[in-house]
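Chemist: Any chance you can model this:
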Amino acid sequence: MYKVLIADDEKIIRMGLCSIIDWNAEGFEIMGQAANGSEALQMIEQYDPDVVLIDIRMPKLHGLDAIREARAAGFTGRVIVLSGYSDFEYAQTAINYGVLSYLTKPVDTEQLLSVIRKIRMELDEEARLMVSRDEFFIKTRKSVLRGFFTEELTLNEVEISELGLTHSSYQVLFYEKYDQNTKDITYSLSDILRVTNTDEQEIDTIQIDDRQVLLLKGHHPIERLSQLLEKYDNELPPEKNSPLDSIFIACGSVVKHVSEIPRSYHEALHLMSRRFFCDENQHTMLYNGSAEAASEEAPELNSNEKHELKQSIITEYAERFINNIQVFNRNKIAETLQQLRDVLYNAPLTIEDEKNLAVDIYLKIKEKLLLLYSQSEIPFPANSAALQYIMNSCYLHEILLFFSEQFDMVMTSIGYSSRDSIIDDVIYYIDHNYQTNITLENIAPLFGYNSSYLGKIFSKKMGMNFNAYLDHVRTEKAKEILQTSKAQVYKVAEMVGYKNVDYFHIKFKKHTGCSPAEYRKQNS
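Modeler: Numbers count the residues shown, from 1 in each chain. Below is the predicted model:
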């Protein structure tokens, strides 16, 4: 419905104009009535009606004066002037103020109806053109941003301003469904970020190569994202069936200038290509300047160099795994699996190359063990099944878990059970690797378990959960360092595996009742 204001100093005329035609049937609603020119001007400025029917001669302010002031203030609606005086001078002045029609009293119903229907057609056409223009601008805007991100386009100062890129900081991120076997993304990340940020101008959403890309502009959306991600940095993964549980996010750096936006985009894109190396239940990847830049700049190998690298890795790790299996050294197997992960993470190979490499390692180990233990019945899966599992795996940790399960099965088949001592092995591993980014999710595959089950048996045997034990070990090591060295507290935090010194303070005080500085003072 379009809005209509009726302004006339005679109440009976206002009532007549309200009922002379069926306004609703014509697509209009009477949003107000004014009894004088001053009141009419106030209502025009307040409600911005689409159509104004206004008498020329009214108290306080003449109708044409009210329209003149409204036009000066930016009013663009249609105006129909009513007058009991068929005076050409009035009509000429009215035209100067952009008045659409000049009707004399008493108003003829058919004449008014004709004018109103003409206005309705014009307003409908303007609305249609507005929608088309907005849709075209949105499509054009997304196309320009897409070209800018991928560095196919450069922007001049005018284009930067028109695109609203006038903020003090920017960040590009990709997001996609977390479970790669499901069909659709359940939640929109832009909607999640807008829960506390209703400014549509601070988030741009576009699609590039079937991937959802967000450009965050300014402090508010970037801070909102940081708060969401910080919750899961040192704590548990997102709660099951929560919005973030269905989403995987890869974030480029926060940059300060428009010209740096493509760099943030390429950083996020690079992280998406590295999702294969994520840990179990990892929902986010944040660009780490030095480490990620190194992997981006890894030299490309020719076919001979690539073949030699793959063969050296296959030979070395197949031999090490075979030796460790034969002596039932579960700790060494876990360490070797972790080392293999690190080698593959840094190797200048494609994901497909690495999957093929893993297949070759597995087949080489299987062939050798079947030869060494020909008298034992080792229930290896068929080669085709193993190959299919490895090649269809979305993550490296799934392949390492498969290796670990297979090695455990072999050791059980040839007379050793590691299950009785698995927690001792985990504790040994923690005691020797506490200073690294160790989590239950990233070590569980090394011992042939998923993180949930390993966490349960760990808590049952130790009387505390995995994270609590890890914090205990780290705190004890920190106490030793604080007593025997002059290292600064933030350095001590890094030496025992805490990336965030504030988080280290919280954990240390929880275990000792005092801050690291207070502990050093009391025990030095």
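
Chemist: quick one: contacts of whichever strand or helix holds Lys3?
Modeler: Assigned by DSSP states H and E, Lys3 belongs to strand 2-7. Identification of contacts with strand 2-7 by C-beta atoms under 8 Å, 6 or more residues apart in numbering yields 14, 17-18, 23, 27-37, 39-40, 43-44, 47-55, 58, 63, 66, 119-120, 123. Backbone N, C-alpha and C define where each C-beta goes, glycine included.

Chemist: wait, what's in contact with the nearest residue to Lys11 once chain neighbours are set aside?
Modeler: Distances taken as C-beta to C-beta, 6 or more residues apart in numbering place Ala35 nearest to Lys11, at 7.3 Å, with adjacent residues excluded. Residues near Ala35 by C-beta under 8 Å, 6+ apart: 7-9, 11, 14, 58.

Chemist: Next: Val426.
Modeler: Shown in contact with Val426 (C-beta under 8 Å, 6+ apart): 443, 447, 454, 458.

Chemist: Filter those residues down to just the ones in helices.
Modeler: Where these overlap with helices, as defined by DSSP state H, the overlap consists of 443, 454, 458.

Chemist: wait, the last one sits on Tyr429?
Modeler: No: judged on C-beta atoms under 8 Å, Phe458 makes no contact with Tyr429 at a distance of 11.6 Å.

Chemist: of those two, who's got more company?
Modeler: Taking other C-beta atoms under 10 Å, Phe458 and Tyr429 do not tie; Phe458 has more neighbours (22 against 19).

Chemist: The more buried one and Met31, how far apart?
Modeler: Per C-beta to C-beta, to the nearest Å, Phe458 is found 69 Å from Met31.

Chemist: The stretch 101-250 of the chain: strands as residue ranges?
Modeler: For the stretch 101-250 of the chain, applying DSSP state E, counting those that start in this stretch gives strands covering 101-104, 170-177, 203-208, 211-217, 247-255.

Chemist: which of the residues in the very next helix or strand once past the longest one are buried?
Modeler: Where DSSP H and E defines the elements, the next helix or strand beyond strand 247-255 is helix 261-273. By neighbour count, with 16 or more other C-beta atoms under 10 Å as the criterion, the buried positions of helix 261-273 are 261-272.

Chemist: Distance to Ile378 and pLDDT added to those residues, as TSV?
Modeler: Converted to TSV, these look like this (distance: C-beta to C-beta, whole Å; pLDDT from 0 to 100):
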residue	distance to Ile378	pLDDT
Ile261	55	93
Pro262	53	94
Arg263	51	94
Ser264	51	94
Tyr265	49	94
His266	47	94
Glu267	46	94
Ala268	45	94
Leu269	44	93
His270	41	92
Leu271	40	92
Met272	39	91
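
Chemist: what's the most distant pair in the residues you listed?
Modeler: Ile261 and Met272 (16.8 Å; C-beta to C-beta).

Chemist: tell me the helices in the stretch 1-150 of the chain, going along the chain?
Modeler: Secondary structure of the stretch 1-150 of the chain by DSSP state H, counting those that start in this stretch: the helices cover 11-19, 37-47, 63-72, 88-96, 109-149.

Chemist: any idea of the angle the longest one forms with strand 170-177?
Modeler: Yep, that's helix 109-149 we're talking about. 90 degrees (axes from the mean of the first three to the mean of the last three C-alpha atoms, to 10 degrees).

Chemist: helices or strands up against helix 109-149?
Modeler: Applying 3 or more C-beta pairs under 8 Å, 6 or more residues apart in numbering; DSSP states H and E, one finds that helix 109-149 contacts strand 2-7, strand 78-83, strand 101-104, strand 203-208, strand 211-217, helix 261-273.

Chemist: got the buried residues of helix 261-273 as CSV, with distance to Ile399 columns?
Modeler: Converted to CSV, these look like this (distance: C-beta to C-beta, whole Å):
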residue, distance to Ile399
Ile261, 36
Pro262, 34
Arg263, 32
Ser264, 31
Tyr265, 30
His266, 28
Glu267, 26
Ala268, 25
Leu269, 24
His270, 22
Leu271, 20
Met272, 19
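
Chemist: Tabulate the ones in helices among the contacts of Val426 (TSV), appending pLDDT and distance to Glu151.
Modeler: Shown next, in TSV, are these (pLDDT from 0 to 100; distance: C-beta to C-beta, whole Å):
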residue	pLDDT	distance to Glu151
Ile443	82	40
Leu454	87	45
Phe458	90	48
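
Chemist: dump the residue contacts of the closest residue to His62 other than its chain neighbours.
Modeler: In this structure, His62 finds its nearest non-sequential neighbour in Gly37, 5.6 Å apart by C-beta to C-beta, 6+ apart. Residues near Gly37 by C-beta under 8 Å, 6+ apart: 7, 54, 58-63, 65-66.

Chemist: Gly37 and Val52, how far apart?
Modeler: Applying C-beta to C-beta, the value for Gly37 to Val52 is 11 Å.

Chemist: burial count for the nearest residue to Leu229 once chain neighbours are set aside?
Modeler: Spatial nearest neighbour of Leu229, excluding adjacent residues (C-beta to C-beta, 6+ apart): Thr284 at 5.4 Å. Using other C-beta under 10 Å, Thr284 is surrounded by 21 other residues.
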